[in-house]
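S.K.: Okay, structure incoming, though there's no sequence with it:
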(Lines give C-alpha, C1' and ligand atoms only; values in the text may rest on other atoms or scores of the structure.)
Protein backbone atom coordinates (compact mmCIF):
# COMPACT_ATOMS: atom_id res chain seq x y z
CA UNK A 1 0.00 0.00 0.00
CA UNK A 2 1.10 3.51 -0.66
CA UNK A 3 0.95 6.28 1.89
CA UNK A 4 -0.66 9.64 1.23
CA UNK A 5 2.78 11.00 0.38
CA UNK A 6 3.47 10.13 -3.24
CA UNK A 7 7.21 9.69 -2.71
CA UNK A 8 7.08 7.11 0.11
CA UNK A 9 5.88 3.55 0.53
CA UNK A 10 3.71 2.33 3.40
CA UNK A 11 3.61 -1.42 4.06
CA UNK A 12 0.59 -2.71 5.99
CA UNK A 13 0.12 0.77 7.42
CA UNK A 14 3.74 1.26 8.52
CA UNK A 15 5.95 4.01 7.15
CA UNK A 16 9.17 3.04 8.95
CA UNK A 17 10.86 -0.13 10.16
CA UNK A 18 10.32 0.79 13.79
CA UNK A 19 6.59 1.26 13.17
CA UNK A 20 6.49 -1.98 11.15
CA UNK A 21 8.12 -3.95 14.01
CA UNK A 22 5.67 -2.54 16.55
CA UNK A 23 2.72 -3.44 14.29
CA UNK A 24 4.13 -6.92 13.68
CA UNK A 25 4.05 -7.67 17.42
CA UNK A 26 0.30 -7.06 17.36
CA UNK A 27 -0.29 -8.64 13.95
CA UNK A 28 0.42 -12.09 12.63
CA UNK A 29 1.83 -13.96 9.68
CA UNK A 30 1.49 -11.20 7.07
CA UNK A 31 4.04 -9.10 8.90
CA UNK A 32 6.56 -11.94 9.13
CA UNK A 33 6.28 -12.85 5.44
CA UNK A 34 6.62 -9.22 4.27
CA UNK A 35 9.45 -8.34 6.66
CA UNK A 36 12.33 -8.71 4.12
CA UNK A 37 10.48 -6.41 1.69
CA UNK A 38 9.67 -3.88 4.39
CA UNK A 39 13.25 -3.91 5.66
CA UNK A 40 14.61 -3.28 2.16
CA UNK A 41 12.12 -0.54 1.28
CA UNK A 42 12.50 1.33 4.55
CA UNK A 43 16.30 1.01 4.36
CA UNK A 44 16.29 2.57 0.88
CA UNK A 45 13.88 5.29 1.96
CA UNK A 46 16.11 6.08 4.97
CA UNK A 47 18.97 6.55 2.48
CA UNK A 48 16.87 9.25 0.79
CA UNK A 49 15.49 7.35 -2.19
CA UNK A 50 12.01 8.20 -3.41
CA UNK A 51 9.40 5.65 -4.45
CA UNK A 52 10.08 6.19 -8.16
CA UNK A 53 13.83 5.67 -7.67
CA UNK A 54 13.24 2.45 -5.72
CA UNK A 55 10.98 1.11 -8.48
CA UNK A 56 13.56 2.13 -11.11
CA UNK A 57 16.35 0.34 -9.26
CA UNK A 58 14.20 -2.78 -8.95
CA UNK A 59 13.42 -2.77 -12.68
CA UNK A 60 17.10 -2.29 -13.55
CA UNK A 61 18.18 -5.12 -11.25
CA UNK A 62 15.45 -7.39 -12.65
CA UNK A 63 16.38 -6.67 -16.28
CA UNK A 64 20.09 -7.27 -15.61
CA UNK A 65 19.31 -10.57 -13.84
CA UNK A 66 16.87 -11.88 -16.47
CA UNK A 67 19.50 -13.38 -18.85
CA UNK A 68 21.17 -15.16 -15.91
CA UNK A 69 17.83 -16.63 -14.86
CA UNK A 70 17.16 -17.85 -18.40
CA UNK A 71 20.61 -19.43 -18.45
CA UNK A 72 19.77 -21.30 -15.23
CA UNK A 73 16.42 -22.42 -16.70
CA UNK A 74 18.03 -23.76 -19.92
CA UNK A 75 18.66 -27.33 -18.72
CA UNK A 76 15.14 -27.57 -17.24
CA UNK A 77 13.58 -26.50 -20.53
CA UNK A 78 15.77 -29.01 -22.41
CA UNK A 79 14.79 -31.74 -19.92
CA UNK A 80 11.09 -31.24 -20.67
CA UNK A 81 11.82 -31.45 -24.39
CA UNK A 82 13.75 -34.67 -23.76
CA UNK A 83 10.82 -36.16 -21.80
CA UNK A 84 8.35 -35.47 -24.63
CA UNK A 85 10.40 -36.70 -27.59
CA UNK A 86 11.88 -39.94 -28.95
CA UNK A 87 14.94 -40.88 -26.86
CA UNK A 88 16.41 -43.00 -29.68
CA UNK A 89 16.33 -40.22 -32.25
CA UNK A 90 17.10 -37.18 -30.07
CA UNK A 91 19.77 -36.86 -27.41
CA UNK A 92 19.47 -34.46 -24.50
CA UNK A 93 22.25 -32.46 -26.16
CA UNK A 94 20.01 -31.89 -29.23
CA UNK A 95 17.27 -30.47 -27.01
CA UNK A 96 19.86 -28.23 -25.36
CA UNK A 97 20.80 -26.77 -28.75
CA UNK A 98 17.14 -26.13 -29.56
CA UNK A 99 16.73 -24.49 -26.16
CA UNK A 100 19.74 -22.23 -26.74
CA UNK A 101 18.28 -21.22 -30.08
CA UNK A 102 14.83 -20.47 -28.63
CA UNK A 103 16.15 -18.62 -25.58
CA UNK A 104 18.42 -16.52 -27.81
CA UNK A 105 15.28 -15.55 -29.70
CA UNK A 106 13.54 -14.70 -26.38
CA UNK A 107 16.46 -12.49 -25.34
CA UNK A 108 16.40 -10.76 -28.72
CA UNK A 109 12.68 -10.02 -28.45
CA UNK A 110 13.20 -8.80 -24.87
CA UNK A 111 15.84 -6.41 -26.18
CA UNK A 112 13.40 -5.19 -28.85
CA UNK A 113 10.73 -4.62 -26.16
CA UNK A 114 13.18 -2.65 -24.02
CA UNK A 115 14.48 -0.53 -26.91
CA UNK A 116 10.95 0.18 -28.12
CA UNK A 117 9.93 1.16 -24.60
CA UNK A 118 12.83 3.64 -24.43
CA UNK A 119 11.85 4.96 -27.86
CA UNK A 120 8.26 5.58 -26.76
CA UNK A 121 9.55 7.55 -23.76
CA UNK A 122 11.42 9.89 -26.12
CA UNK A 123 8.62 10.40 -28.67
CA UNK A 124 5.74 12.84 -28.15
CA UNK A 125 2.68 11.52 -26.34
CA UNK A 126 0.25 11.40 -29.28
CA UNK A 127 -2.59 8.88 -29.50
CA UNK A 128 -1.67 7.58 -33.02
CA UNK A 129 1.88 6.89 -31.86
CA UNK A 130 0.54 5.03 -28.80
CA UNK A 131 -1.73 2.94 -31.00
CA UNK A 132 1.07 2.06 -33.41
CA UNK A 133 3.40 0.99 -30.61
CA UNK A 134 0.57 -0.89 -28.85
CA UNK A 135 -0.09 -2.86 -32.04
CA UNK A 136 3.65 -3.48 -32.42
CA UNK A 137 3.87 -4.81 -28.84
CA UNK A 138 0.88 -7.12 -29.43
CA UNK A 139 2.29 -8.42 -32.73
CA UNK A 140 5.71 -9.03 -31.19
CA UNK A 141 4.16 -10.83 -28.21
CA UNK A 142 2.06 -13.12 -30.41
CA UNK A 143 4.95 -13.78 -32.78
CA UNK A 144 7.19 -14.66 -29.82
CA UNK A 145 4.56 -17.14 -28.61
CA UNK A 146 3.96 -18.62 -32.08
CA UNK A 147 7.70 -18.88 -32.78
CA UNK A 148 8.06 -21.74 -30.31
CA UNK A 149 5.45 -23.81 -32.18
CA UNK A 150 6.98 -23.00 -35.57
CA UNK A 151 10.52 -23.88 -34.46
CA UNK A 152 9.32 -26.97 -32.57
CA UNK A 153 7.46 -28.30 -35.61
CA UNK A 154 10.36 -27.65 -38.00
CA UNK A 155 12.97 -29.30 -35.81
CA UNK A 156 11.12 -32.35 -34.55
CA UNK A 157 9.33 -33.02 -37.86
CA UNK A 158 6.16 -34.47 -36.38
CA UNK A 159 2.71 -34.27 -37.87
CA UNK A 160 1.03 -30.94 -37.29
CA UNK A 161 -1.44 -32.41 -34.79
CA UNK A 162 1.25 -34.13 -32.72
CA UNK A 163 3.46 -31.08 -32.95
CA UNK A 164 0.66 -28.76 -31.77
CA UNK A 165 -0.34 -31.14 -28.95
CA UNK A 166 3.21 -31.71 -27.67
CA UNK A 167 4.10 -28.07 -28.29
CA UNK A 168 1.04 -26.90 -26.32
CA UNK A 169 1.86 -29.18 -23.38
CA UNK A 170 5.50 -28.09 -23.41
CA UNK A 171 4.49 -24.44 -23.75
CA UNK A 172 2.12 -24.65 -20.76
CA UNK A 173 4.61 -26.56 -18.59
CA UNK A 174 7.41 -24.14 -19.44
CA UNK A 175 5.20 -21.08 -18.97
CA UNK A 176 4.47 -22.31 -15.45
CA UNK A 177 8.18 -23.01 -14.91
CA UNK A 178 9.15 -19.60 -16.27
CA UNK A 179 6.51 -17.96 -14.06
CA UNK A 180 8.04 -19.58 -10.97
CA UNK A 181 11.51 -18.59 -12.18
CA UNK A 182 10.35 -14.98 -12.66
CA UNK A 183 8.81 -14.94 -9.18
CA UNK A 184 12.07 -16.16 -7.66
CA UNK A 185 14.00 -13.68 -9.83
CA UNK A 186 11.72 -10.84 -8.66
CA UNK A 187 12.35 -11.75 -5.03
CA UNK A 188 16.12 -12.03 -5.50
CA UNK A 189 16.23 -8.82 -7.57
CA UNK A 190 14.32 -6.95 -4.91
CA UNK A 191 16.42 -8.22 -2.02
CA UNK A 192 19.76 -7.67 -3.81
CA UNK A 193 19.09 -4.17 -5.21
CA UNK A 194 21.02 -1.32 -3.65
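M.R.: All right, it came through fine. The structure displayed is predicted, hence computed values, not measured ones.

S.K.: helices and strands around the helix or strand hosting residue 18, which ones?
M.R.: Using DSSP states H and E, residue 18 sits in helix 17-26. Helix 17-26 is packed against helix 29-46, with contacts defined by 3 or more C-beta pairs under 8 Å, 6 or more residues apart in numbering; DSSP states H and E. C-beta: built from backbone N, CA, C; applies to glycine.

S.K.: what does the average pLDDT come to for the helix it packs on?
M.R.: Taken as a whole, helix 29-46 carries a mean pLDDT of 79.

S.K.: So for that helix, what gets flagged as buried?
M.R.: Judged by neighbour count using 16 or more other C-beta atoms under 10 Å, the buried positions of helix 29-46 are 31, 34, 38, 40, 41, 42, 44, 45.

S.K.: Okay, now the unreliable bits of this protein?
M.R.: Regions of the chain meeting the criterion pLDDT under 70 cover residues 1-6, 27-31.

S.K.: can you give me the helices for it?
M.R.: Taking DSSP state H as the criterion, the chain carries its helices at 17-26, 29-46, 51-84, 92-122, 127-156, 160-192.

S.K.: Serialize those helices to JSON lines and add fields for distance to residue 8.
M.R.: Listed next are these as JSON lines, based on distance: least, C-beta to C-beta, whole Å:
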{"stretch": "helix 17-26", "distance to residue 8": "12"}
{"stretch": "helix 29-46", "distance to residue 8": "6"}
{"stretch": "helix 51-84", "distance to residue 8": "6"}
{"stretch": "helix 92-122", "distance to residue 8": "24"}
{"stretch": "helix 127-156", "distance to residue 8": "30"}
{"stretch": "helix 160-192", "distance to residue 8": "17"}
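
S.K.: Quick check: which of the ones you listed is nearest to residue 7?
M.R.: Between residue 7 and those, the shortest separation by C-beta to C-beta is 5.4 Å, and it involves helix 51-84.

S.K.: same for that closest one, what does it pack against?
M.R.: Packing partners of helix 51-84 (3+ C-beta pairs under 8 Å, 6+ apart): helix 29-46, helix 92-122, helix 160-192.

S.K.: could I get those helices as JSON lines with distance to residue 137?
M.R.: Formatted as JSON lines, the entries for the helices and strands packed on helix 51-84 read as follows, by distance: least, C-beta to C-beta, whole Å:
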{"stretch": "helix 29-46", "distance to residue 137": "29"}
{"stretch": "helix 92-122", "distance to residue 137": "7"}
{"stretch": "helix 160-192", "distance to residue 137": "18"}
